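> the amino acid sequence is not available; the structure is as follows:
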């Protein structure tokens, strides 16, 4: 295995010389107030452009889903009947049906009916 570095091309040599010359010029030069102002403006422009590009990477919000109307048969059910039907369905399906509400009595009648229509396999 050879540890020899490849010989630099003439472009590489010129690039290295220009890099060192630029560093030397910068180290000898004193920044002016105008240089500082230009630097701040450039930084602000770059920051704004980067923020715009990052914002463009975020997908747009999908349109809100519209809910289906509650079935007439579900609307005809009393509140207690809807809670009983939801409880019966969830028990009969084991762990296949899960929802965030542990205490169904805290949901509105409308929310209960929508939940029932959502999980009732005969509704679809």
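That came in fine, so what should we check first? Note that the structure is a prediction, hence the values are computed from the model and not measured.
> C-alpha only now, for contacts and for neighbours.
Fine.
> what's the pLDDT at the residue nearest to residue 117 when sequence neighbours are not counted?
Of all residues not flanking residue 117 in the chain, residue 123 sits nearest, at 6.0 Å (C-alpha to C-alpha, 6 or more residues apart in numbering). The per-residue pLDDT reported for residue 123 equals 71.
> can you give me the neighbour number for residue 123?
Using other C-alpha atoms under 10 Å, residue 123 has 12 neighbouring residues.
> what about the strands in the chain?
Read by DSSP state E, the chain holds no strands at all.
> just name the shakiest helix or strand of it by mean pLDDT.
Ranked by mean pLDDT, DSSP states H and E, the weakest helix or strand in the chain is helix 10-28, scoring a mean of 89.
> what's next to that one, contact-wise?
The contact list for helix 10-28 (C-alpha atoms under 8 Å, 6 or more residues apart in numbering) is empty.
> cool, and stretch 117-124?
With C-alpha under 8 Å, 6+ apart, stretch 117-124 has contacts from 70, 71, 74, 86, 89, 97.
> what's the offset of the least confident helix or strand of the chain from the middle of its chain?
44 Å (C-alpha atoms, centre = their mean, to the nearest Å).
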